[in-house]
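Colleague: after the sequence you'll find the predicted model.
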Amino acid sequence: MNLRRISGLLSASFLFLFVVAFTTNAQNGYARDTAQSIDDEYTKKIAEYTTEKFFNSPLTDYLPASPNVPTPKAVLGDVAGAPGKLPYAEDVYKYMRMLEKASPRVKVFSIGTTEEGREMIAVAVASEALLAKLEENRARLNKLADPRTINMDEAEADRLVDQSFPIYYITGTIHSPETGAPTALMELAYRLAVDESPYIKSIRDGMVTLITPVVEVDGRNRMVDVYNWHLAHPGQNWPPMVYWGHYVAHDNNRDAMGMSLKLTRNIMNVYLSWKPQVLHDLHESVAYLYDNTIGDGPYNAWVDPILTDEWQLIGWKNVSEMTKFGMPGVFAHGTFDTWSPGYLMFIAATHNGISRLYETFGNGGADTLTRTLSPDEYQRTWYKQNPPLPRAKWSQRNNNNYEQTALLISLDYFNKNSKLFLKNFYLKSKRSIEKPKNEGPAAYVFPSDDPRPGSQARLLRLLQAQGCEVHRANASFTVAMKKKAAPRGANRPGATPSPAASPARTPETEARTFPAGSYIVRMDQPYSRIADALLDYQYWSPRDPQQSIYDDTGWTFGELGNVQVERVTDTKVLAAAMDRVSGEVRSPGGITGTGSIFLVNSNAETNLITLRYQLKQAVFESAEDAFEVAGRKFNRGSFIIRNGSLDQVNKATSELGIPALAVAQAPTVKTHPMKAARVAIMHTWLSTQDEGWWRLAFDQMQVPFDYISTQDVAKESELNKKYDVIIFGPGNGNANAVIQGRPMYGNPIPWKKTELTPNLGGFASTDDMRPGLGYTGLMNLQNFVKNGGVLIGADDSASFAVATGFAPGVSVQTSTRLRAIGDVLKTRMVDSASPIAYGYGDTLSVYCFNGPIFNISNVVGGGGGGRRGGSGQRTTGRGTADDPDVVQGRPPAEVPEQPPSSEVWEAAPIMEEQRRNLVGLIPPNLRPRVVLRWGNANELLVSGLLDGGDEIAQHAAVIDSPLERGHVILFSMNPFWRGQTAGSYALVFNTILNFDNLNAGRKLDEK
Ligand SMILES: [Zn+2]
């Protein structure tokens, strides 16, 4: 402020206030070091860009000066949070490396690259003394993280705690439109390195602050491009961020379980190698600072209660101190449940650390804007006593002030209590090891006779990537297992759970012997919690007080992976003879036998399709029936490979972990050819996130595809010349939006690589994002199918196909009660002869989020068909309940036979009366063929929240709907979701492998 412009009276009172504030701050330890000069120019700019004094704090309203360490201005040309300044990740790194060069208190570590090859970094800031002792400290933290190494010796633990300094890991900008964190973290690093105030100095001398300023680097750079485009085109609509990372957008913060993205793997590696006590993510979506780790219930059921107490401790300290500063809008609680462990911060929560997360307030760029909030945002509630203002001018600098102030308060509190948090870190690790003898289970067992060893190995590798140890039994072993219960709700109607949990009873047990070679994930290991959280079942009561559910409610990885996983509570399992698996778990593959024909069993493994494309020149046939050769059983759909070189086949099957049997003579079984289909994945310019998970899986399985947009399809009238299969992934909204695209008001909106926007375009590019598929595109797509192509749709893209006439005979029923909120649900096999079903068993658990409820009819547009068996009750009349009524005064009439009743997933039979001149009657060979259906109401729920499940129970779940010469495959579930649903991948891969023989095994109605 400029004191000279204020009247004498005012300046006197301001001076008084200033003195009071200074004294209070000094008492609280916030005082600056008066011997250290401040950077006047920078400090003046902080004040200028902060829109109200109360949007800053004594911790960040100045910047200390340093004679040799550059401020963020050196790279930004202005201060952190300045309007119009959004640095690329490379600029942020450049600054961090300038800091490293100028200050012995900063070290920069390269921690890996993104999908698009951009670097990720972690920056450690601490005193020279601490940085010099990083390695010896790491050795101590490793021991605290694995108390087995000190034989759970409390005295030794205390000694280690005493000698150790903790690590607090902060990550910024995982969500690309949330733009403030990089500059806030640049300035925070500077402050921590340079400021001599006792408050900051004690943090620097007591602990390591580790910073990854940009988590989603690909997305950050795209966001900066978009922002720069906006600056260069004032008054115009700028491109919406349809792509953040290479595959997914907002969901990059849902990958802590499946670990499919490089950013997750890189942060996990930092976590496992540094052993930080806290992982703290920075987000921006709430005014003005919401500590949402404290959030609301239900809390995740697998984390240690010590952790949930730590959330409260650190979080409320933030609220309390910032309340004293008079900064409005700082709160904890709110409506965010902490159930799903998919967020990046949950890497810490599930690995004995502390997860933390801020939502601050961002403007989606660096413009200063007047922001108007809704009443539910600005009204005072019990947990928000000083709420944000209904309307305020808000700047990126304000956001940077809040983020830094809150972080400094947390760092200070954490540092002052570092021995407590280090000891808790040890205790949580110890309690994880003690799991078998406390809450259990003792272990999860993966039986060696699982028919899908490849899927089994894949899930075990995920656990290894999570830091878990995997063992393998070298002899068979027997344990007591809980007897399998009758199906849930067997004695009550519908899927409604019983109102009260039944009292705990000692479950009846039975002995079970697991064969040698079974894998064992012991729960007496430091990271047992993550394995337990991933492999266990989830139950969310429909009557839970939390009614605004934030994310998925179920995720059981064994079920979604189609892998057998047994939860064993009997601690005897730990005494089984076993060895720890060194290196990654791999399923055995390669050729046995001799001959030039190779047989590969079809077992719904995800990578069978990889083999097809790796051996592109070989001739593949698919067996339409099961067969046996040399005592080995082969399922329907098994591969018969000819013209493949022995070396090539052996190399491919060995690397992929696929067993192949070489034979001299092919088995006598009906087959059809399996050509390597030409595949396209079609996206809209509306939303690409959900189909991004499909692309990711296709890339992982090395299934080649063209990535095309609805606009490309609109221009291409001969799609069959290029493609055999077109996949339209879910997540695009309704049919009208897909066809119309975005409204054509205003300016064209480009998404393409230019000098101004070097990070846009690339794998998907357009001059104007607005046009959609259009009616020409719709016709092109329909002609593609009619000419023999295959179109695949799931969830809303399946509904799109139904709504636009691709699937005569299929209709979507409006749901009124169903709540399947990110669940694992059971399906049942209806037609195992369909190539889509090859390799699958009688049931399959899949991911469902209120999937469309399909009805099937033999008449175009639905309808028609007979009653489902009628009511079966006779009307009032003569005789007993079983007797026919008799009309008086005439001989009894002959009653025609009732039409056969049909199941919910079937089309009702057409009765003679309806058949007369029935124009819409679908010929038998073009009727929808149901491959899988949803389970019965009492067995439908596997994991998560299910309410009104009877609405979808038994309805068709996977449908092969012919359209002239082609097929439309409709999924009422999402087979590719967050890298967690490998068990359902093969439904789509089977479709691709057998794209021109989908009618195999089909039984036709007589008429
Ligand atoms: Zn966010």
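Modeller: Noted; the coordinates are in hand. Numbers count the residues shown, from 1 in each chain.
Colleague: assumed Gly112 was part of a helix.
Modeller: No: per DSSP: H, G, I helix; E, B strand; the rest coil, Gly112 lies outside any helix segment and is strand.
Colleague: ok, for it, nearest residue in space, not its chain neighbours?
Modeller: The shortest distance from Gly112 to any non-neighbouring residue, by Cβ to Cβ, 6 or more residues apart in numbering, is to Asn266 (3.7 Å). (Glycine included, C-beta is placed from N, CA and C.)
Colleague: how deep is Thr478 tucked in, by neighbour count?
Modeller: 13 (other Cβ atoms under 10 Å).
Colleague: so it, which state does it fall into?
Modeller: Classified using three-state DSSP, Thr478 is strand.
Colleague: quick check: closest non-adjacent residue to it.
Modeller: Distance criterion Cβ to Cβ, 6+ apart; nearest residue to Thr478, sequence neighbours excluded, is Thr513 at 4.4 Å.
Colleague: what is the helix or strand containing that neighbour packed up against?
Modeller: Using DSSP states H and E, Thr513 sits in strand 509-514. On a contact count with 3 or more Cβ pairs under 8 Å, 6 or more residues apart in numbering; DSSP states H and E, strand 509-514 meets strand 477-482.
Colleague: so for the strand it packs on, mean pLDDT?
Modeller: On average, the pLDDT along strand 477-482 is 96.
Colleague: check whether the residue of the stretch 351-500 of the chain found nearest the ion sits in a helix, strand or coil.
Modeller: At 7.0 Å from the ion, Glu359 is the closest residue in the stretch 351-500 of the chain, using Cβ to the ion. Here Glu359 is recorded as strand under three-state DSSP.
Colleague: mind checking the pLDDT average for the strand holding Thr513?
Modeller: Mean per-residue pLDDT for strand 509-514: 96.
Colleague: over to stretch 709-721?
Modeller: On average, stretch 709-721 scores 98.
Colleague: list the contacts of that stretch.
Modeller: Outside of stretch 709-721, the residues within contact range by Cβ atoms under 8 Å, 6 or more residues apart in numbering are 682-685, 722, 726, 738, 741, 764, 766, 771-774, 776-777, 780-781, 783-784, 787-789.
Colleague: show me which of those are buried.
Modeller: Neighbour-count burial (16 or more other Cβ atoms under 10 Å) applied to those gives 682-685, 726, 738, 741, 764, 766, 771-774, 777, 780-781, 783-784, 789.
Colleague: among the residues you listed, which are in strands?
Modeller: Residues of those located in strands (DSSP state E): 682-683, 726.
Colleague: now, which of those residues sits nearest the ion?
Modeller: Nearest to the ion among these, with distances taken as Cβ to the ion, is His683, at 22.7 Å.
Colleague: got the confidence number for Lys423?
Modeller: Value listed for Lys423 in the pLDDT field: 98.
Colleague: correct me, but it touches Asp158?
Modeller: Yes: between Lys423 and Asp158 there is a contact under Cβ atoms under 8 Å: 7.4 Å.
Colleague: about what we covered before: the residue of the stretch 351-500 of the chain closest to the ion pairs with what?
Modeller: His283, Tyr290 (DSSP bridges).
Colleague: and it, how many neighbours?
Modeller: The tally of other residues near Glu359 (other Cβ under 10 Å) stands at 20.
Colleague: quick one: secondary structure of Leu970?
Modeller: Criterion first, three-state DSSP; result for Leu970: strand.
Colleague: ok, now which ones touch the residue located most distally from the centre of the chain?
Modeller: Of all residues in the chain, Gly889 sits farthest from the chain's C-alpha centroid, using Cα atoms, centre = their mean; the distance is 72.8 Å. Under the criterion of Cβ under 8 Å, 6+ apart, Gly889 has no neighbours.
Colleague: so it sits in a strand?
Modeller: No: Gly889: not assigned to a strand; according to three-state DSSP it is coil.
Colleague: what are the phi and psi angles of it?
Modeller: phi 90, psi 10 (degrees, to the nearest 10).
Colleague: and it, how far from the ion?
Modeller: According to Cβ to the ion, to the nearest Å, Gly889 and the ion sit 80 Å apart.
Colleague: in what helix or strand does the residue nearest to Gly112 lie?
Modeller: helix 262-274.
Colleague: ok and the residue in the stretch 551-700 of the chain nearest the ion?
Modeller: The stretch 551-700 of the chain approaches the ion most closely through Asp551 (12.5 Å), counting by Cβ to the ion.
Colleague: wasn't that residue part of a strand?
Modeller: No: judged by three-state DSSP, Asp551 forms no part of a strand; its state is coil.
Colleague: my guess is it meets Thr338, correct?
Modeller: No: if you go by Cβ under 8 Å, Asp551 and Thr338 don't touch, sitting 10.0 Å apart.
Colleague: tell me the secondary structure at Trp302.
Modeller: Put simply, Trp302 is coil when judged by three-state DSSP.
Colleague: excluding covalently adjacent residues, which one is nearest to it?
Modeller: In space, Trp302 is closest to Ala533, 3.9 Å off (Cβ to Cβ, 6+ apart).
Colleague: what residues are up against that neighbour?
Modeller: 257, 300, 302-303, 341, 350.
Colleague: most surrounded residue in these?
Modeller: Highest neighbour count within the contacts of Ala533, by other Cβ under 10 Å: Thr350, with 28 neighbours.
Colleague: that one touches Trp302, doesn't it?
Modeller: Yes: counting by Cβ under 8 Å, Thr350 touches Trp302, with 7.2 Å between them.
Colleague: and for the two, which residues touch both?
Modeller: Common neighbours of Thr350 and Trp302 (criterion: Cβ under 8 Å, 6+ apart): 341, 529, 533.
Colleague: what's the following helix or strand after the helix or strand hosting the last one?
Modeller: Element membership for Ala533 (DSSP H and E) is helix 528-535. Helices and strands here follow DSSP H and E; after helix 528-535, the next one along the chain is helix 557-560.
Colleague: just checking, what packs against the next helix or strand after that next one?
Modeller: Using DSSP H and E, the helix or strand that follows helix 557-560 in sequence is strand 566-568. Applying 3+ Cβ pairs under 8 Å, 6+ apart, one finds that strand 566-568 makes contact with strand 443-446, strand 477-482.
Colleague: re earlier: then the helix holding Asn266 to PDB, C-alphas only?
Modeller: Output of helix 262-274 as PDB, limited to C-alpha atoms (Å, rounded to 0.1, in the frame of the first residue of the first chain):
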ATOM      1  CA  LYS A 262       2.800 -43.100 -17.100                       C
ATOM      2  CA  LEU A 263       2.200 -40.200 -14.800                       C
ATOM      3  CA  THR A 264       0.900 -42.600 -12.200                       C
ATOM      4  CA  ARG A 265       3.800 -45.000 -12.600                       C
ATOM      5  CA  ASN A 266       6.300 -42.200 -12.300                       C
ATOM      6  CA  ILE A 267       4.700 -40.700  -9.200                       C
ATOM      7  CA  MET A 268       4.400 -44.200  -7.700                       C
ATOM      8  CA  ASN A 269       8.100 -44.800  -8.300                       C
ATOM      9  CA  VAL A 270       9.000 -41.500  -6.600                       C
ATOM     10  CA  TYR A 271       6.700 -42.500  -3.700                       C
ATOM     11  CA  LEU A 272       8.300 -46.000  -3.400                       C
ATOM     12  CA  SER A 273      11.900 -44.800  -3.600                       C
ATOM     13  CA  TRP A 274      11.600 -41.600  -1.500                       C
END
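Colleague: ok, residues contacting it?
Modeller: The contact list for helix 262-274, computed with Cβ under 8 Å, 6+ apart, reads 109, 111-115, 120, 122, 138, 141, 167, 169, 171, 174, 210, 212, 215-217, 245, 252, 255-256, 259, 276, 279, 344, 347-348, 351, 353, 465-467.
Colleague: ok, now stretch 684-693?
Modeller: Looking at what lies outside stretch 684-693 - Cβ under 8 Å, 6+ apart - the contacts are 242-243, 247-251, 260, 681, 683, 709-711, 727-733, 737-738, 741-742, 751, 764, 766, 769-773, 795, 974, 976-979.
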